[in-house]
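*Asks:* Quick one, what's the 3D model for this:
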Amino acid sequence: MPQQELATLSGLNRSSIANIESGKQRVLLHQVLQFAEALHVTLGELLPSAVELPQVLTTETGIEKSAYLEKLRRMASGRSEGESQS
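*Replies:* Numbers count the residues shown, from 1 in each chain. As a prediction, this is how the structure comes out:
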């Protein structure tokens, strides 16, 4: 899903979506709910699990955060976990 489309569906502007994706802007809980609704997924699919959470919180630029962000990008683009970005 393009950033502009997600922005429109979630009530944000495209630059906010880009900033959230890059980690420059924090996302608020109500925005996560809007993203889940726009992407037709559950909150559980967007949020890290209890096992993943400590890694995401303590690793600002690490592999774990990158992998988690890539998972979110795949979901936003409609790709499954096994599909690569082309």
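*Asks:* where do the helices sit along this protein?
*Replies:* In the chain, the helices defined using DSSP state H lie at 3-10, 14-22, 29-39, 43-46, 53-58, 63-77.
*Asks:* could you give the mean pLDDT of the shortest one?
*Replies:* Helix 43-46 shows a mean pLDDT of 84 in the predicted model.
*Asks:* and what of the second one?
*Replies:* Rounded to a whole number, the mean pLDDT of helix 14-22 is 89.
*Asks:* Repeat that for the third one.
*Replies:* With pLDDT averaged residue by residue, helix 29-39 scores 88.
*Asks:* Which residues does that helix contact?
*Replies:* With contact meaning Cβ atoms under 8 Å, 6 or more residues apart in numbering, helix 29-39 is reached by 1, 6, 9-12, 20, 27, 42-43, 45-47, 75-76. From N, CA and C alone the C-beta is placed, and that goes for glycine too.
*Asks:* distance between it and the chain's centre?
*Replies:* 10 Å (Cα atoms, centre = their mean, to the nearest Å).
*Asks:* quick one: that helix to helix 14-22, angle?
*Replies:* Angle, helix 29-39 to helix 14-22, by axes from the mean of the first three to the mean of the last three Cα atoms, to 10 degrees: 100 degrees.
*Asks:* just the CA coordinates of helix 29-39, formatted as CSV?
*Replies:* Taking Å, rounded to 0.1, in the frame of the first residue of the first chain, the C-alpha atoms of helix 29-39 are listed here in CSV:
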residue,chain,number,x,y,z
LEU,A,29,-1.9,4.1,20.1
HIS,A,30,-4.9,5.5,18.2
GLN,A,31,-2.8,5.7,15.1
VAL,A,32,-1.9,2.0,15.4
LEU,A,33,-5.6,1.2,15.6
GLN,A,34,-6.1,3.3,12.5
PHE,A,35,-3.3,1.5,10.7
ALA,A,36,-4.7,-1.9,11.6
GLU,A,37,-8.1,-1.0,10.3
ALA,A,38,-6.7,0.5,7.1
LEU,A,39,-4.5,-2.6,6.5
